[in-house]
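Student: Output the structure for:
(one chain, ligands or ions: 1)
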Amino acid sequence: MRVGVPREIKPDEYRVGLTPAAVREYVAHGHEVLVEQGAGGGAGYGDEAYVRAGAKIVPDADAVFSGAEMIVKVKEPQAVEWARLTDKHILFTYLHLAPDPAQTEGLLASGCAAIAYETVTDDNGGLPLLAPMSEVAGRIAVFSAGETLLKHNGGMGLLISGVPGVPPARVCILGGGVVGANAAVMAAGLGAEVVIMERSIPRMRYIDDIFAGRVITRYSTYDSVEEEILKADVVIGAVLTPGAAAPKLVRREHLSKMKPGAVLVDVSIDQGGCFETSKPTTHKNPTYTVDGVVHYCVANMPGAAPAHLVRSPGPRHAAVRTEAGGQGFGRAEDQQASRQGPERAEGRDHPPGGRRGAEQAVQGRLRRLGLKASARSNDEGAGPEGRRLFLCSPLRNNPATIAPTLAVKRQREDAPCATRTSIRGPSRSRAGRSGWAPSASPPSR
Ligand SMILES: NC(=O)c1ccc[n+]([C@@H]2O[C@H](COP(=O)([O-])OP(=O)(O)OC[C@H]3O[C@@H](n4cnc5c(N)ncnc54)[C@H](O)[C@@H]3O)[C@@H](O)[C@H]2O)c1
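Tutor: Take a look at the predicted model:
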């Protein structure tokens, strides 16, 4: 398999799809890796590090896309990249298609098989490939909010921590998942008053346990959210309905009733945002003000911390990419497996049985790594011109979720459609999915 790593072109994005260490793993498994010149520069990896790892450096993105069968990125492909994708490509990256029908159409038109990191689940329904980014974004959210609260940045001029004799800021976090819990760690650590609004009772119990009463949890309803945001100096939006657009919990009419100079940080902006007035911003121009309330809506917050991030998600991402890649990928391993005996040979490429056989091939390869894939097509999800969208299982029976397609694939009888990939890992419930929490086993949702 030829794996391609283009340079990220989204504004202020400094991460890179593969580190030199990951490249070395691919090369050791018999694959070729093409890296665009300068692709790792923003994350601190020069071309020479990739060459030492066994990659071939190519001059531009066209050379990566035309030379590789599998493209590994970080951020969603931009319009110029849709045009470079074809039906020979498998794309692994964060996609966030729910608020982005243009990208969904662009990917459909390309015919590529696209697998969104943020939809990969583990056995407990957790999102192990989203979590490393959410941990970072949750933490960045608080120090960005603290900075934005200062007067010269448009905020009310409040110190988030307070000082002796002056109360700290009140931080309301909407959604107590990975982003929310990590934001709470930072905000509580700085001394802020923190309230987390959640809908999952087990998650609230878990947060209550680990913060030992240091943060308040509150069931999220229209009433309770309204009450809390009007009291807040900072609101951090961190809700997620996997695969769907974020619910709009703060509406335009709320803004004029909020404290002037309050700060809204919409981390959920990549799923369309959970504030009605949110629109994506960049690290260079992160904020704007509506009705006296400052909005911070950077869609790639972790992009500012590439040196940290390139080290964190590695093995899981690589394993999923390597084994869920689909037809053709893993060929070297499969050939080797064939030589080692029949049970190791299960799932080799080009099995009989068309798409079903190809799906079994993907699953066979995953099983050998202790992973699991369940790939399903969605009969209700037929796209225009006979193209078909392949949705992940919880969404597959709901035609309204076609826009938030989790993986996009032109229907071909002989093509695999690894649209939802599960990782079988150490038993960790969704309540404790980020792994940052103390060792006590969290309850399931
Ligand atoms: N902007 C960025 O750079 C960036 C980076 C990482 C993650 N994100 C986004 O942040 C969001 C949160 O990610 P996560 O990993 O924390 O997800 P998560 O699934 O761990 O947590 C989401 C939480 O929201 C809760 N929730 C859902 N609806 C709710 C409601 N109406 N009221 C209150 N709580 C509700 C869920 O119960 C869940 O606990 C996602 O949209 C993700 O894509 C953005």
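Student: C-alpha from now on. contacts and neighbour counts both.
Tutor: OK.
Student: What helices and strands are in contact with the lengthiest helix in the chain?
Tutor: Assignment by DSSP state H gives helix 131-148 as the longest helix of the chain. If you count contacts as 3 or more Cα pairs under 8 Å, 6 or more residues apart in numbering; DSSP states H and E, helix 131-148 packs onto helix 178-189, strand 263-266.
Student: quick one: is that helix near the ligand?
Tutor: Yes. Interface with the ligand: helix 131-148 contributes 131, 133-134, 137 (Cα under 6 Å from any ligand atom).
Student: Dump the helices and strands packed on helix 131-148 into TSV; add mean neighbour count as well.
Tutor: Formatted as TSV, the helices and strands packed on helix 131-148 follow (neighbours: other Cα atoms under 10 Å):
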stretch	mean neighbour count
helix 178-189	24
strand 263-266	30
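Student: Can you tell me which of these is nearest to the ligand?
Tutor: Set against the ligand and scored by Cα to the nearest ligand atom, the helices and strands packed on helix 131-148 come closest in helix 178-189, at 3.7 Å.
Student: quick one, phi/psi of the closest residue to the ligand within the stretch 301-445 of the chain?
Tutor: The ligand sits closest to M301 of the stretch 301-445 of the chain, with a gap of 3.6 Å, by Cα to the nearest ligand atom. Main-chain torsions, M301, degrees, to the nearest 10: phi -60, psi -50.
Student: swap in I201?
Tutor: Dihedral angles (degrees, to the nearest 10) for I201: phi -60, psi -50.
Student: circling back: can you add distance to the ligand and mean pLDDT and give the helices and strands packed on helix 131-148 back as TSV?
Tutor: Below are the helices and strands packed on helix 131-148 laid out as TSV (distance: least, Cα to the nearest ligand atom, whole Å; pLDDT from 0 to 100):
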stretch	distance to the ligand	mean pLDDT
helix 178-189	4	97
strand 263-266	7	98
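Student: In TSV: those, plus distance to A245.
Tutor: Shown next, in TSV, are these (distance: least, Cα to Cα, whole Å):
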stretch	distance to A245
helix 178-189	17
strand 263-266	13
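Student: so what's G41 up against?
Tutor: Residues near G41 by Cα atoms under 8 Å, 6 or more residues apart in numbering: 14, 47.
Student: Show the backbone phi and psi for it.
Tutor: phi -60, psi -40.
Student: Show the pLDDT at it.
Tutor: For G41, the pLDDT comes out at 94.
Student: hey, C-alpha coordinates of stretch 157-173 in CSV?
Tutor: Provided in CSV are the C-alpha atoms of stretch 157-173 (Å, rounded to 0.1, in the frame of the first residue of the first chain):
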residue,chain,number,x,y,z
GLY,A,157,-12.1,42.9,32.4
LEU,A,158,-12.3,40.1,34.9
LEU,A,159,-9.5,37.8,36.2
ILE,A,160,-10.8,34.2,35.8
SER,A,161,-9.2,33.2,39.1
GLY,A,162,-10.3,36.1,41.1
VAL,A,163,-7.9,37.3,43.9
PRO,A,164,-8.2,37.2,47.7
GLY,A,165,-11.2,39.3,48.5
VAL,A,166,-12.6,39.3,44.9
PRO,A,167,-14.6,36.3,43.7
PRO,A,168,-13.4,34.4,40.6
ALA,A,169,-15.3,34.1,37.3
ARG,A,170,-18.3,31.8,37.1
VAL,A,171,-17.7,29.3,34.3
CYS,A,172,-20.6,27.4,32.9
ILE,A,173,-19.7,24.3,30.8
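Student: if we look at that stretch, which residues are touching it?
Tutor: Counting by Cα under 8 Å, 6+ apart, 146, 149-151, 180, 183-184, 187, 190-197, 228-229, 231-238, 261 sit against stretch 157-173.
Student: Recalculate using a threshold of 6 Å.
Tutor: Here stretch 157-173 makes contact (Cα atoms under 6 Å, 6 or more residues apart in numbering) with 146, 149-151, 190-196, 232-236.
Student: Buried among those residues? Need that as a selection in PyMOL.
Tutor: PyMOL command restricting the contacts of stretch 157-173 to the buried ones, with burial defined by 16 or more other Cα atoms under 10 Å:
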select buried, resi 146+149+150+190+191+192+193+194+195+196+232+233+234+235+236
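Student: And the contacts of the longest helix of the chain?
Tutor: 155, 160, 178-179, 182-183, 186, 301-302, 434.
Student: Do the next helix or strand after it and the ligand come into contact?
Tutor: Remark: after helix 131-148, the chain's next helix or strand is strand 170-174, criterion DSSP states H and E. Yes. Contact of strand 170-174 with the ligand (Cα under 6 Å from any ligand atom) involves L174.
Student: Listing partners with orientation, what would you give for strand 170-174?
Tutor: According to DSSP bridges, strand 170-174 forms sheet pairs with strand 193-198 (parallel), strand 234-237 (parallel).
Student: State the three-state secondary structure for N285.
Tutor: Judged by DSSP: H, G, I helix; E, B strand; the rest coil, the three-state class of N285 is coil.
Student: Including distance to A169, could the contacts of helix 131-148 go into JSON lines?
Tutor: Below are the contacts of helix 131-148 laid out as JSON lines (distance: Cα to Cα, whole Å):
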{"residue": "G155", "distance to A169": "12"}
{"residue": "I160", "distance to A169": "5"}
{"residue": "V178", "distance to A169": "22"}
{"residue": "V179", "distance to A169": "19"}
{"residue": "N182", "distance to A169": "17"}
{"residue": "A183", "distance to A169": "14"}
{"residue": "M186", "distance to A169": "13"}
{"residue": "M301", "distance to A169": "22"}
{"residue": "P302", "distance to A169": "24"}
{"residue": "S434", "distance to A169": "26"}
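Student: of those residues, closest to D62?
Tutor: P302 (26.4 Å; Cα to Cα).
Student: ok, how many other residues are close to that closest one?
Tutor: 23 (other Cα atoms under 10 Å).
Student: Tell me which of the strands paired with strand 170-174 lies nearest to the ligand.
Tutor: strand 193-198 (3.7 Å).
Student: With just CA atoms, put that closest one into CSV.
Tutor: Provided in CSV are the C-alpha atoms of strand 193-198 (Å, rounded to 0.1, in the frame of the first residue of the first chain):
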residue,chain,number,x,y,z
GLU,A,193,-16.6,28.6,40.1
VAL,A,194,-17.6,25.8,37.7
VAL,A,195,-20.9,24.4,36.8
ILE,A,196,-21.3,21.6,34.3
MET,A,197,-24.6,21.1,32.4
GLU,A,198,-25.1,17.5,31.3
